[in-house]
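Chemist: take this sequence and fold it.
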Amino acid sequence: GVVREDGGVHLVRDLEDERVATSDRSGGRGDELAVHDAGIDLRSLAVIDAVPDQHRTRIVYRFGDPSVRADLAIARVGEARGVVVLPEDGEDHDISVTRTVLALNAELGGLRELPVVVEVADPITAQRLVHACGPTMHPIVTAEAVTRTGAMALRQRGLSKVINELTDFHGCDLHVTDRPELLGVRFDQIVGRFVNARPLGIARRDGHFDLNPPADSTMETGDRLVVIAQDLEHITAADEPLRLQKGGPSDLGAAEVEEHVLVLGWNPLATQLLSGWASATSTASIVDIAFDPRLIEPSDIVIPPVDIDVRLCPTLESSALVLDHTPTTIVVLGYNSIDSDAADARTMLDVLHLMRRYEQAEHAPRMVVQLLDDEVADPAVLTGPDDFLISPALGGQFIAQLIEQPERRAALLALYGGDDASIRMINCDRPGLVG
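Modeler: Here you go, the predicted model:
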(Lines give C-alpha, C1' and ligand atoms only; values in the text may rest on other atoms or scores of the structure.)
Protein backbone atom coordinates (compact mmCIF):
# COMPACT_ATOMS: atom_id res chain seq x y z
CA GLY A 1 0.00 0.00 0.00
CA VAL A 2 0.99 3.62 -0.48
CA VAL A 3 0.06 6.37 1.96
CA ARG A 4 0.42 9.92 0.73
CA GLU A 5 0.67 12.84 3.14
CA ASP A 6 0.88 16.61 2.63
CA GLY A 7 4.55 16.29 3.50
CA GLY A 8 5.39 13.31 1.34
CA VAL A 9 4.69 9.74 0.39
CA HIS A 10 4.88 6.72 2.71
CA LEU A 11 5.52 3.44 0.92
CA VAL A 12 4.41 0.51 3.07
CA ARG A 13 5.83 -2.74 1.65
CA ASP A 14 6.07 -6.34 2.62
CA LEU A 15 9.74 -7.34 2.88
CA GLU A 16 9.08 -10.16 0.42
CA ASP A 17 7.33 -7.90 -2.09
CA GLU A 18 9.50 -7.20 -5.13
CA ARG A 19 7.25 -4.46 -6.49
CA VAL A 20 7.87 -0.83 -5.58
CA ALA A 21 5.32 1.92 -6.06
CA THR A 22 6.39 5.40 -7.16
CA SER A 23 5.63 8.87 -5.93
CA ASP A 24 3.68 11.54 -7.78
CA ARG A 25 4.60 15.14 -8.44
CA SER A 26 3.18 16.80 -5.31
CA GLY A 27 5.34 19.35 -3.57
CA GLY A 28 6.72 18.40 -0.17
CA ARG A 29 8.52 20.03 2.72
CA GLY A 30 11.99 19.25 1.45
CA ASP A 31 14.13 17.23 -0.89
CA GLU A 32 15.30 14.70 1.69
CA LEU A 33 14.83 10.94 1.37
CA ALA A 34 14.05 9.24 4.67
CA VAL A 35 14.56 5.48 4.65
CA HIS A 36 14.08 2.58 7.06
CA ASP A 37 17.11 1.67 9.19
CA ALA A 38 17.80 -1.25 6.90
CA GLY A 39 19.12 1.26 4.37
CA ILE A 40 18.36 1.78 0.70
CA ASP A 41 18.28 -1.59 -1.00
CA LEU A 42 18.11 -2.19 -4.74
CA ARG A 43 14.34 -2.47 -4.71
CA SER A 44 14.01 0.91 -3.01
CA LEU A 45 16.32 2.45 -5.60
CA ALA A 46 13.75 1.48 -8.23
CA VAL A 47 11.66 4.42 -7.02
CA ILE A 48 14.51 6.83 -7.65
CA ASP A 49 15.15 5.28 -11.08
CA ALA A 50 11.48 5.50 -12.04
CA VAL A 51 11.00 9.07 -10.80
CA PRO A 52 14.37 10.84 -10.95
CA ASP A 53 12.78 14.28 -10.50
CA GLN A 54 10.59 13.95 -7.42
CA HIS A 55 9.67 17.65 -7.26
CA ARG A 56 10.73 18.00 -3.61
CA THR A 57 8.39 15.16 -2.59
CA ARG A 58 9.63 13.53 0.62
CA ILE A 59 9.55 9.73 0.44
CA VAL A 60 9.54 7.60 3.57
CA TYR A 61 9.91 3.82 3.35
CA ARG A 62 8.08 1.66 5.88
CA PHE A 63 8.72 -2.07 5.77
CA GLY A 64 5.93 -4.37 6.94
CA ASP A 65 2.65 -6.00 6.00
CA PRO A 66 0.05 -3.41 4.85
CA SER A 67 -2.78 -5.70 5.97
CA VAL A 68 -1.57 -5.65 9.62
CA ARG A 69 -2.75 -2.74 11.78
CA ALA A 70 0.49 -2.53 13.74
CA ASP A 71 2.49 -2.11 10.54
CA LEU A 72 0.07 0.48 9.18
CA ALA A 73 0.34 2.48 12.40
CA ILE A 74 4.02 3.27 11.79
CA ALA A 75 3.03 5.06 8.58
CA ARG A 76 0.77 7.43 10.57
CA VAL A 77 -2.26 6.79 8.39
CA GLY A 78 -4.35 8.96 10.70
CA GLU A 79 -2.49 12.01 9.38
CA ALA A 80 -2.81 11.05 5.71
CA ARG A 81 -4.47 13.35 3.20
CA GLY A 82 -5.22 10.29 1.06
CA VAL A 83 -4.44 6.60 0.77
CA VAL A 84 -3.63 4.50 -2.30
CA VAL A 85 -3.92 0.72 -2.01
CA LEU A 86 -2.12 -1.31 -4.67
CA PRO A 87 -2.32 -5.10 -5.08
CA GLU A 88 0.55 -7.43 -4.23
CA ASP A 89 2.07 -9.88 -6.66
CA GLY A 90 1.91 -13.62 -6.15
CA GLU A 91 -1.67 -13.98 -4.93
CA ASP A 92 -5.22 -12.95 -5.74
CA HIS A 93 -4.86 -9.21 -6.19
CA ASP A 94 -8.29 -8.34 -4.86
CA ILE A 95 -7.76 -10.39 -1.69
CA SER A 96 -4.60 -8.48 -0.73
CA VAL A 97 -6.28 -5.15 -1.46
CA THR A 98 -9.37 -6.04 0.57
CA ARG A 99 -7.25 -7.12 3.53
CA THR A 100 -5.41 -3.80 3.48
CA VAL A 101 -8.66 -1.81 3.28
CA LEU A 102 -10.05 -3.76 6.25
CA ALA A 103 -6.86 -3.04 8.22
CA LEU A 104 -7.13 0.67 7.37
CA ASN A 105 -10.75 0.74 8.46
CA ALA A 106 -9.90 -0.96 11.76
CA GLU A 107 -6.88 1.25 12.45
CA LEU A 108 -8.79 4.47 11.79
CA GLY A 109 -12.13 3.40 13.24
CA GLY A 110 -13.78 3.95 9.86
CA LEU A 111 -12.67 5.73 6.72
CA ARG A 112 -15.18 8.59 6.95
CA GLU A 113 -13.72 11.59 5.09
CA LEU A 114 -10.41 9.96 4.09
CA PRO A 115 -10.16 9.47 0.29
CA VAL A 116 -8.95 5.95 -0.54
CA VAL A 117 -7.96 5.02 -4.11
CA VAL A 118 -7.88 1.25 -4.61
CA GLU A 119 -6.69 -0.75 -7.61
CA VAL A 120 -8.74 -3.93 -8.15
CA ALA A 121 -9.17 -6.50 -10.90
CA ASP A 122 -12.86 -7.37 -10.53
CA PRO A 123 -15.67 -4.80 -10.97
CA ILE A 124 -17.72 -6.68 -8.38
CA THR A 125 -14.96 -6.15 -5.80
CA ALA A 126 -15.06 -2.45 -6.66
CA GLN A 127 -18.80 -2.29 -6.01
CA ARG A 128 -18.49 -4.16 -2.72
CA LEU A 129 -15.78 -1.80 -1.49
CA VAL A 130 -17.92 1.26 -2.23
CA HIS A 131 -20.99 -0.26 -0.56
CA ALA A 132 -18.97 -1.26 2.50
CA CYS A 133 -16.82 1.86 2.93
CA GLY A 134 -18.88 4.72 1.54
CA PRO A 135 -18.37 7.54 -0.98
CA THR A 136 -14.75 8.25 -0.06
CA MET A 137 -13.77 4.85 -1.49
CA HIS A 138 -12.58 5.25 -5.10
CA PRO A 139 -11.85 1.84 -6.67
CA ILE A 140 -10.36 1.65 -10.13
CA VAL A 141 -10.50 -1.47 -12.28
CA THR A 142 -7.35 -0.77 -14.27
CA ALA A 143 -8.10 -3.22 -17.08
CA GLU A 144 -11.48 -1.54 -17.58
CA ALA A 145 -9.92 1.94 -17.52
CA VAL A 146 -7.29 0.91 -20.07
CA THR A 147 -9.98 -0.57 -22.33
CA ARG A 148 -12.12 2.58 -22.20
CA THR A 149 -9.11 4.76 -22.91
CA GLY A 150 -8.05 2.64 -25.87
CA ALA A 151 -11.58 2.54 -27.28
CA MET A 152 -11.82 6.33 -27.08
CA ALA A 153 -8.48 6.79 -28.86
CA LEU A 154 -9.59 4.39 -31.61
CA ARG A 155 -12.94 6.15 -32.05
CA GLN A 156 -11.59 9.19 -33.87
CA ARG A 157 -8.26 10.49 -35.15
CA GLY A 158 -6.75 13.06 -32.83
CA LEU A 159 -8.44 11.86 -29.66
CA SER A 160 -5.26 10.11 -28.53
CA LYS A 161 -3.63 13.54 -28.13
CA VAL A 162 -6.58 14.73 -26.06
CA ILE A 163 -6.18 11.70 -23.79
CA ASN A 164 -2.48 12.39 -23.31
CA GLU A 165 -3.20 16.03 -22.51
CA LEU A 166 -5.71 15.04 -19.83
CA THR A 167 -3.59 12.37 -18.15
CA ASP A 168 0.10 13.25 -18.41
CA PHE A 169 0.18 16.11 -15.85
CA HIS A 170 1.62 18.46 -18.48
CA GLY A 171 -0.53 21.39 -19.54
CA CYS A 172 -4.21 21.35 -18.69
CA ASP A 173 -5.86 18.83 -16.35
CA LEU A 174 -9.41 17.93 -15.44
CA HIS A 175 -10.51 19.34 -12.07
CA VAL A 176 -13.57 19.18 -9.83
CA THR A 177 -13.68 22.34 -7.73
CA ASP A 178 -15.87 24.20 -5.24
CA ARG A 179 -17.09 27.52 -6.65
CA PRO A 180 -19.60 28.88 -4.08
CA GLU A 181 -19.88 32.18 -5.96
CA LEU A 182 -21.64 30.29 -8.80
CA LEU A 183 -24.58 29.14 -6.65
CA GLY A 184 -27.76 29.68 -8.65
CA VAL A 185 -25.90 30.75 -11.82
CA ARG A 186 -27.01 29.30 -15.17
CA PHE A 187 -24.49 27.07 -16.94
CA ASP A 188 -24.53 29.16 -20.12
CA GLN A 189 -23.28 32.06 -17.98
CA ILE A 190 -20.67 29.90 -16.25
CA VAL A 191 -19.11 28.71 -19.54
CA GLY A 192 -17.91 32.22 -20.49
CA ARG A 193 -17.01 33.37 -16.99
CA PHE A 194 -13.29 32.44 -16.89
CA VAL A 195 -10.29 33.60 -18.89
CA ASN A 196 -8.08 30.53 -18.43
CA ALA A 197 -10.48 27.70 -17.62
CA ARG A 198 -13.20 25.86 -19.55
CA PRO A 199 -16.20 24.50 -17.60
CA LEU A 200 -17.40 21.08 -18.79
CA GLY A 201 -20.24 20.32 -16.40
CA ILE A 202 -21.53 20.07 -12.86
CA ALA A 203 -20.70 17.43 -10.24
CA ARG A 204 -23.96 17.08 -8.37
CA ARG A 205 -24.15 16.66 -4.63
CA ASP A 206 -25.51 13.09 -4.98
CA GLY A 207 -22.38 12.00 -6.90
CA HIS A 208 -23.89 12.25 -10.41
CA PHE A 209 -21.82 14.08 -13.02
CA ASP A 210 -23.88 16.25 -15.35
CA LEU A 211 -21.46 16.87 -18.22
CA ASN A 212 -22.40 19.35 -20.94
CA PRO A 213 -25.70 20.15 -19.16
CA PRO A 214 -28.52 22.20 -20.70
CA ALA A 215 -27.95 25.96 -20.80
CA ASP A 216 -30.51 26.68 -18.07
CA SER A 217 -28.97 24.20 -15.58
CA THR A 218 -27.86 25.92 -12.38
CA MET A 219 -25.36 25.22 -9.63
CA GLU A 220 -27.13 24.16 -6.43
CA THR A 221 -25.97 23.86 -2.83
CA GLY A 222 -23.31 21.14 -2.55
CA ASP A 223 -22.60 21.05 -6.31
CA ARG A 224 -19.07 21.42 -7.70
CA LEU A 225 -17.80 22.63 -11.06
CA VAL A 226 -16.07 20.28 -13.54
CA VAL A 227 -13.47 22.32 -15.39
CA ILE A 228 -10.36 22.00 -17.55
CA ALA A 229 -7.58 24.30 -16.36
CA GLN A 230 -3.80 24.36 -16.21
CA ASP A 231 -3.64 25.58 -12.62
CA LEU A 232 -6.68 25.23 -10.39
CA GLU A 233 -5.30 27.72 -7.86
CA HIS A 234 -4.92 30.49 -10.43
CA ILE A 235 -8.21 30.49 -12.34
CA THR A 236 -8.94 34.04 -13.50
CA ALA A 237 -12.48 35.40 -13.85
CA ALA A 238 -13.26 37.52 -16.90
CA ASP A 239 -13.84 41.23 -16.37
CA GLU A 240 -17.15 40.93 -18.20
CA PRO A 241 -18.51 37.36 -18.16
CA LEU A 242 -19.77 36.35 -21.59
CA ARG A 243 -23.21 34.77 -21.77
CA LEU A 244 -23.54 32.41 -24.71
CA GLN A 245 -26.17 33.45 -27.22
CA LYS A 246 -28.55 30.81 -28.47
CA GLY A 247 -28.34 30.42 -32.24
CA GLY A 248 -30.14 28.28 -34.75
CA PRO A 249 -29.84 24.49 -34.84
CA SER A 250 -26.73 23.05 -36.43
CA ASP A 251 -25.43 19.53 -36.87
CA LEU A 252 -22.01 19.39 -35.22
CA GLY A 253 -21.80 15.61 -34.99
CA ALA A 254 -18.55 14.06 -36.15
CA ALA A 255 -18.88 12.93 -39.74
CA GLU A 256 -18.81 9.18 -40.18
CA VAL A 257 -15.72 8.07 -42.06
CA GLU A 258 -15.45 4.81 -43.94
CA GLU A 259 -12.49 2.91 -42.53
CA HIS A 260 -10.63 -0.30 -43.17
CA VAL A 261 -9.28 -1.59 -39.86
CA LEU A 262 -6.75 -4.39 -39.60
CA VAL A 263 -6.64 -6.13 -36.21
CA LEU A 264 -3.52 -8.27 -35.83
CA GLY A 265 -3.60 -10.62 -32.83
CA TRP A 266 -6.42 -11.08 -30.35
CA ASN A 267 -7.27 -10.95 -26.66
CA PRO A 268 -10.37 -9.87 -24.68
CA LEU A 269 -9.42 -6.19 -25.04
CA ALA A 270 -10.23 -6.37 -28.75
CA THR A 271 -13.95 -6.94 -28.17
CA GLN A 272 -14.30 -3.69 -26.21
CA LEU A 273 -12.09 -1.74 -28.61
CA LEU A 274 -14.17 -2.74 -31.62
CA SER A 275 -17.42 -2.06 -29.81
CA GLY A 276 -16.36 1.46 -28.81
CA TRP A 277 -14.96 2.29 -32.24
CA ALA A 278 -17.90 0.91 -34.24
CA SER A 279 -20.35 3.29 -32.55
CA ALA A 280 -18.68 6.26 -34.30
CA THR A 281 -17.74 4.86 -37.70
CA SER A 282 -19.52 4.38 -40.99
CA THR A 283 -21.47 1.15 -41.51
CA ALA A 284 -19.51 0.77 -44.77
CA SER A 285 -16.31 0.22 -42.79
CA ILE A 286 -14.52 -3.13 -42.84
CA VAL A 287 -12.56 -4.97 -40.14
CA ASP A 288 -10.08 -7.72 -40.96
CA ILE A 289 -9.02 -9.78 -37.94
CA ALA A 290 -5.73 -11.59 -38.62
CA PHE A 291 -4.84 -14.17 -35.98
CA ASP A 292 -2.41 -17.03 -35.53
CA PRO A 293 -4.50 -20.24 -35.30
CA ARG A 294 -1.63 -21.86 -33.39
CA LEU A 295 -2.20 -19.42 -30.52
CA ILE A 296 -5.96 -18.93 -30.47
CA GLU A 297 -8.99 -20.84 -31.72
CA PRO A 298 -11.46 -19.04 -34.01
CA SER A 299 -14.23 -19.91 -31.54
CA ASP A 300 -12.40 -17.87 -28.87
CA ILE A 301 -12.66 -14.68 -30.93
CA VAL A 302 -15.74 -12.88 -29.61
CA ILE A 303 -17.03 -10.35 -32.13
CA PRO A 304 -19.20 -7.64 -30.54
CA PRO A 305 -22.62 -6.89 -32.07
CA VAL A 306 -21.70 -4.24 -34.67
CA ASP A 307 -23.25 -3.11 -37.96
CA ILE A 308 -20.05 -3.43 -39.98
CA ASP A 309 -18.40 -6.17 -42.00
CA VAL A 310 -15.97 -8.22 -39.87
CA ARG A 311 -13.79 -10.82 -41.58
CA LEU A 312 -11.61 -13.46 -39.89
CA CYS A 313 -8.22 -14.11 -41.51
CA PRO A 314 -6.25 -17.03 -40.02
CA THR A 315 -2.61 -16.07 -40.68
CA LEU A 316 0.58 -17.58 -39.31
CA GLU A 317 2.72 -14.50 -39.98
CA SER A 318 1.92 -10.85 -40.70
CA SER A 319 4.20 -11.01 -43.75
CA ALA A 320 1.75 -13.47 -45.33
CA LEU A 321 -1.24 -11.10 -45.12
CA VAL A 322 -3.02 -10.33 -48.37
CA LEU A 323 -5.40 -7.36 -48.13
CA ASP A 324 -7.51 -5.76 -50.86
CA HIS A 325 -7.14 -2.26 -49.34
CA THR A 326 -4.48 -0.32 -47.47
CA PRO A 327 -5.76 -0.16 -43.89
CA THR A 328 -6.68 3.22 -42.44
CA THR A 329 -5.95 1.89 -38.94
CA ILE A 330 -3.87 -1.06 -37.75
CA VAL A 331 -4.50 -2.46 -34.27
CA VAL A 332 -1.79 -4.83 -33.01
CA LEU A 333 -2.68 -6.82 -29.87
CA GLY A 334 -0.73 -9.25 -27.70
CA TYR A 335 -1.72 -12.89 -27.26
CA ASN A 336 -2.62 -13.90 -23.71
CA SER A 337 -1.95 -17.55 -24.53
CA ILE A 338 1.84 -17.06 -24.46
CA ASP A 339 4.32 -15.43 -22.09
CA SER A 340 4.00 -11.62 -22.01
CA ASP A 341 7.65 -11.15 -23.01
CA ALA A 342 7.18 -13.39 -26.03
CA ALA A 343 3.89 -11.69 -26.91
CA ASP A 344 5.43 -8.20 -26.74
CA ALA A 345 8.46 -9.24 -28.78
CA ARG A 346 6.17 -10.62 -31.47
CA THR A 347 4.03 -7.46 -31.34
CA MET A 348 7.00 -5.14 -31.87
CA LEU A 349 8.31 -7.20 -34.80
CA ASP A 350 4.85 -7.08 -36.40
CA VAL A 351 4.66 -3.31 -35.83
CA LEU A 352 8.05 -2.69 -37.45
CA HIS A 353 7.14 -4.91 -40.38
CA LEU A 354 3.78 -3.21 -40.99
CA MET A 355 5.31 0.28 -40.70
CA ARG A 356 7.86 -0.67 -43.38
CA ARG A 357 5.17 -2.27 -45.52
CA TYR A 358 3.02 0.86 -45.63
CA GLU A 359 5.62 3.62 -45.34
CA GLN A 360 5.23 4.49 -49.04
CA ALA A 361 1.42 4.50 -48.95
CA GLU A 362 -0.29 7.78 -49.89
CA HIS A 363 -1.96 7.84 -46.47
CA ALA A 364 -0.02 5.84 -43.90
CA PRO A 365 -2.32 3.97 -41.51
CA ARG A 366 -2.35 5.00 -37.88
CA MET A 367 -1.07 2.42 -35.42
CA VAL A 368 -2.85 1.43 -32.20
CA VAL A 369 -0.50 -0.94 -30.39
CA GLN A 370 -0.95 -2.90 -27.17
CA LEU A 371 2.05 -3.99 -25.11
CA LEU A 372 1.52 -6.22 -22.08
CA ASP A 373 4.65 -5.17 -20.15
CA ASP A 374 5.52 -1.58 -19.21
CA GLU A 375 9.21 -2.43 -19.34
CA VAL A 376 9.11 -2.60 -23.13
CA ALA A 377 6.31 -0.07 -23.69
CA ASP A 378 8.33 2.64 -25.40
CA PRO A 379 6.06 5.12 -27.23
CA ALA A 380 9.03 6.39 -29.27
CA VAL A 381 8.61 3.46 -31.65
CA LEU A 382 5.30 4.96 -32.81
CA THR A 383 6.00 7.99 -34.99
CA GLY A 384 2.63 8.82 -36.56
CA PRO A 385 0.65 11.86 -35.34
CA ASP A 386 -2.35 9.71 -34.44
CA ASP A 387 -0.55 6.58 -33.21
CA PHE A 388 -1.47 5.36 -29.74
CA LEU A 389 0.17 2.96 -27.30
CA ILE A 390 -1.98 0.83 -25.00
CA SER A 391 -0.08 -0.55 -21.99
CA PRO A 392 -0.54 -1.08 -18.23
CA ALA A 393 0.99 2.39 -17.81
CA LEU A 394 -2.37 3.85 -18.83
CA GLY A 395 -3.84 2.36 -15.66
CA GLY A 396 -1.01 3.93 -13.68
CA GLN A 397 -1.75 7.33 -15.22
CA PHE A 398 -5.40 6.93 -14.29
CA ILE A 399 -4.49 6.08 -10.68
CA ALA A 400 -2.11 9.06 -10.53
CA GLN A 401 -4.97 11.34 -11.57
CA LEU A 402 -7.11 9.96 -8.74
CA ILE A 403 -4.34 10.36 -6.16
CA GLU A 404 -4.36 14.08 -6.79
CA GLN A 405 -8.17 14.35 -6.97
CA PRO A 406 -10.31 11.21 -6.52
CA GLU A 407 -13.42 12.97 -7.83
CA ARG A 408 -11.93 12.82 -11.32
CA ARG A 409 -12.81 9.13 -11.58
CA ALA A 410 -16.49 9.59 -12.46
CA ALA A 411 -15.76 12.46 -14.87
CA LEU A 412 -13.03 10.59 -16.75
CA LEU A 413 -15.05 7.38 -17.00
CA ALA A 414 -18.02 9.35 -18.33
CA LEU A 415 -15.92 11.16 -20.93
CA TYR A 416 -14.19 7.97 -22.06
CA GLY A 417 -17.36 5.89 -22.08
CA GLY A 418 -19.05 7.75 -24.93
CA ASP A 419 -22.54 6.76 -23.79
CA ASP A 420 -23.50 10.30 -22.76
CA ALA A 421 -21.53 13.53 -23.15
CA SER A 422 -18.10 12.81 -24.54
CA ILE A 423 -15.26 14.41 -26.50
CA ARG A 424 -15.50 14.83 -30.26
CA MET A 425 -13.17 16.33 -32.85
CA ILE A 426 -14.97 18.78 -35.18
CA ASN A 427 -13.60 20.89 -38.02
CA CYS A 428 -13.67 24.45 -36.72
CA ASP A 429 -15.26 25.80 -39.91
CA ARG A 430 -18.46 23.83 -39.23
CA PRO A 431 -19.56 25.97 -36.26
CA GLY A 432 -18.03 29.07 -37.90
CA LEU A 433 -15.05 29.40 -35.55
CA VAL A 434 -12.32 30.02 -38.12
CA GLY A 435 -10.51 33.24 -37.12
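
Chemist: the closest residue to residue 369 other than its chain neighbours and residue 423, how far apart?
Modeler: Using Cβ to Cβ, 6 or more residues apart in numbering and skipping residues adjacent in sequence, the residue nearest residue 369 is residue 332, 4.8 Å away. Heads up, the C-betas are built off the backbone N, CA and C, glycines and all. Noted for residue 332: a distance of 24 Å to residue 423, by Cβ to Cβ, to the nearest Å.

Chemist: same check on residue 432?
Modeler: 20 Å.

Chemist: looking at those two, which is more packed in?
Modeler: residue 423 (17 against 9; other Cβ atoms under 10 Å).

Chemist: wait, the more buried one sits on residue 161?
Modeler: No. The pair residue 423 / residue 161 is not scored as a contact, 11.0 Å apart, by Cβ atoms under 8 Å.

Chemist: quick check on residue 174: phi, psi?
Modeler: Dihedral angles phi and psi of residue 174 (degrees, to the nearest 10) take the values phi -90, psi 130.

Chemist: who does it bridge with?
Modeler: residue 228 (DSSP bridges).

Chemist: same deal with residue 59?
Modeler: Counting by DSSP bridges, the residues bridging with residue 59 are residue 9, residue 33.

Chemist: return the distance of it relative to residue 67.
Modeler: For residue 59 relative to residue 67 (Cβ to Cβ), the value is 22 Å.

Chemist: which parts of the stretch 101-250 of the chain are helices?
Modeler: 123-133, 142-155, 159-167, 187-190 (DSSP state H, counting those that start in this stretch).

Chemist: pick the most buried one from those helices.
Modeler: helix 142-155 (a mean of 23; mean count of other Cβ atoms under 10 Å).

Chemist: is it possible to get JSON lines of the helices of the stretch 101-250 of the chain that adds distance to residue 278 and mean pLDDT?
Modeler: Shown next, in JSON lines, are the helices of the stretch 101-250 of the chain (distance: least, Cβ to Cβ, whole Å; pLDDT from 0 to 100):
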{"stretch": "helix 123-133", "distance to residue 278": "22", "mean pLDDT": "91"}
{"stretch": "helix 142-155", "distance to residue 278": "9", "mean pLDDT": "78"}
{"stretch": "helix 159-167", "distance to residue 278": "15", "mean pLDDT": "76"}
{"stretch": "helix 187-190", "distance to residue 278": "32", "mean pLDDT": "89"}
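
Chemist: so which of those helices gets nearest residue 368?
Modeler: helix 142-155 (5.6 Å; Cβ to Cβ).

Chemist: can you give the contact residues for the closest one?
Modeler: Residues outside helix 142-155 that contact it (Cβ atoms under 8 Å, 6 or more residues apart in numbering): 119, 121, 123, 159-160, 163, 269, 272-273, 275-277, 279-281, 329, 331, 368, 370, 388, 390-392, 394-396, 398-399, 413, 415-418, 422-423.

Chemist: in contact with the residue nearest to residue 369, which residues?
Modeler: Contact analysis of residue 332 by Cβ under 8 Å, 6+ apart lists 264, 265, 347, 350, 351, 354, 367, 368, 369, 370.

Chemist: the first one and residue 333 touch, don't they?
Modeler: Right, residue 264. Yes. If you go by Cβ under 8 Å, residue 264 and residue 333 touch, sitting 7.1 Å apart.

Chemist: would you report the backbone torsion angles of residue 294?
Modeler: According to degrees, to the nearest 10, residue 294 has phi -80, psi -20.

Chemist: swap in residue 77?
Modeler: Dihedral angles (degrees, to the nearest 10) for residue 77: phi -60, psi -20.

Chemist: pretty sure it contacts residue 83?
Modeler: Yes. Judged on Cβ under 8 Å, residue 77 makes contact with residue 83 at a distance of 6.6 Å.

Chemist: please say which of those two ends up with more neighbours.
Modeler: residue 83 (27 against 21).

Chemist: the closest residue to that one other than its chain neighbours pairs with what?
Modeler: Using Cβ to Cβ, 6+ apart and skipping residues adjacent in sequence, the residue nearest residue 83 is residue 116, 4.7 Å away. Counting by DSSP bridges, residue 116 forms beta bridges with residue 83, residue 137.

Chemist: quick check, pLDDT for residue 116.
Modeler: pLDDT recorded at residue 116 is 90.

Chemist: low-confidence stretches in the protein?
Modeler: Counting by pLDDT under 70, the low-confidence segments of the chain come to 1-55, 89-91, 169, 241-256, 376-385, 417-420.

Chemist: what about residue 195, how many residues close to it?
Modeler: Count around residue 195 with other Cβ under 10 Å applied: 10.

Chemist: residue contacts, the nearest residue to it once chain neighbours are set aside?
Modeler: Excluding the flanking residues, the one nearest residue 195 by Cβ to Cβ, 6+ apart is residue 236, at 4.4 Å. Residues near residue 236 by Cβ under 8 Å, 6+ apart: 194, 195, 196, 197.

Chemist: most neighbours among these, which one is it?
Modeler: Compared across these, residue 197 has the highest neighbour count, 21 neighbours, by other Cβ under 10 Å.

Chemist: assess the claim that residue 386 and residue 157 are in contact.
Modeler: Yes. Shown here, residue 386 and residue 157 form a contact pair, counting by Cβ under 8 Å, at 4.7 Å.
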